[in-house]
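Colleague: here you go, sequence then predicted model.
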Amino acid sequence: MTEGTDVQSADDGVVRIAQISGGVLVGHDGSEGAEEALQWAAALAARAGWPLHVLRAWRMTTAPQPASWEFGYVPPLPDYEKAVREELEARVAAAHLDPTLSVTCHVTQGSPARGLIESAVGADLLVVGARGLGGFAGLVLGSVSDQCVRHAPCPVTVVRSRD
C-alpha cells in the first residue's frame, strides 16, 4: 500500500483533494457497504490492471480520536487526519486485497460527497456503496452516492449491499 500525493491547504496543512491519476477511486467510510464497494472495486481494478485509490473524507466529528486527545484538549487537525489515515489503512489491510494490486489510501478533510467528486477528476471510475453510515435505511441511495452519481466527473458505479 502506498501513500498518495494530495493537495493541501496552505493555512492548516490538511488535505482537501486527493490527486488521482487514473484507475479506480472507491469511497470508504468504515461501513459494511463501503467494505463491499472496496471488494468490488479491487476486483475490477485487478482485472483491468488499474491502480486502486481508496478515499475517506472526514470531519472532526466523524474522525476517530487521535492519540493526542485528552479531556479538555482539542488536538490539531493534522492529528485527526493521521488517525483517519491509520484507521483507513488498517481497514484496507484487513480486506486482504490481491497483493499484486497497486493500492493507495487517501484522506480528505470535508464532506464525503465533495471529497469524492473533486478527487475523481483524474479517475477512470468512481465506486461508492449504496448506503453508508448515515441516512435513512429505506433510501435506495444514500446522500453521498446520490451526489456522486449526479455530479462526478467520471463514470460512477454504486455497489448495492448483498443483503
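Modeller: Cool, got the structure.
Colleague: C-alpha coordinates for the one helix or strand residue 150 maps to, PDB please?
Modeller: Per DSSP states H and E, residue 150 falls inside helix 143-151. The C-alpha atoms that make up helix 143-151 are tabulated as PDB, following Å, rounded to 0.1, in the frame of the first residue of the first chain:
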ATOM      1  CA  SER A 143     -27.000  11.100   0.000                       C
ATOM      2  CA  VAL A 144     -23.300  10.700  -0.800                       C
ATOM      3  CA  SER A 145     -23.900   8.100  -3.600                       C
ATOM      4  CA  ASP A 146     -26.700  10.200  -5.000                       C
ATOM      5  CA  GLN A 147     -24.500  13.300  -5.200                       C
ATOM      6  CA  CYS A 148     -21.700  11.300  -6.800                       C
ATOM      7  CA  VAL A 149     -24.000   9.900  -9.400                       C
ATOM      8  CA  ARG A 150     -25.300  13.300 -10.200                       C
ATOM      9  CA  HIS A 151     -22.000  15.300 -10.200                       C
END
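Colleague: pLDDT (mean, whole number) over it?
Modeller: Taken as a whole, helix 143-151 has an average pLDDT of 89.
Colleague: that one packs against which elements?
Modeller: Using 3 or more Cβ pairs under 8 Å, 6 or more residues apart in numbering; DSSP states H and E as the contact test, the elements touching helix 143-151 are helix 112-119, strand 125-129, strand 156-159. C-beta: built from backbone N, CA, C; applies to glycine.
Colleague: if we go to 10 Å?
Modeller: Packed against helix 143-151 by the contact rule (3 or more Cβ pairs under 10 Å, 6 or more residues apart in numbering; DSSP states H and E) you find strand 24-27, helix 112-119, strand 125-129, strand 156-159.
Colleague: what sits up against the last one?
Modeller: With contact meaning Cβ atoms under 10 Å, 6 or more residues apart in numbering, strand 156-159 is reached by 24-26, 33-41, 44, 116-117, 120, 123, 125-131, 140-142, 145-146, 148-150.
Colleague: just the buried ones from these?
Modeller: Buried residues within the contacts of strand 156-159, counting neighbours by 16 or more other Cβ atoms under 10 Å: 24-26, 33-38, 40-41, 44, 116-117, 120, 123, 125-131, 141-142, 145-146, 148.
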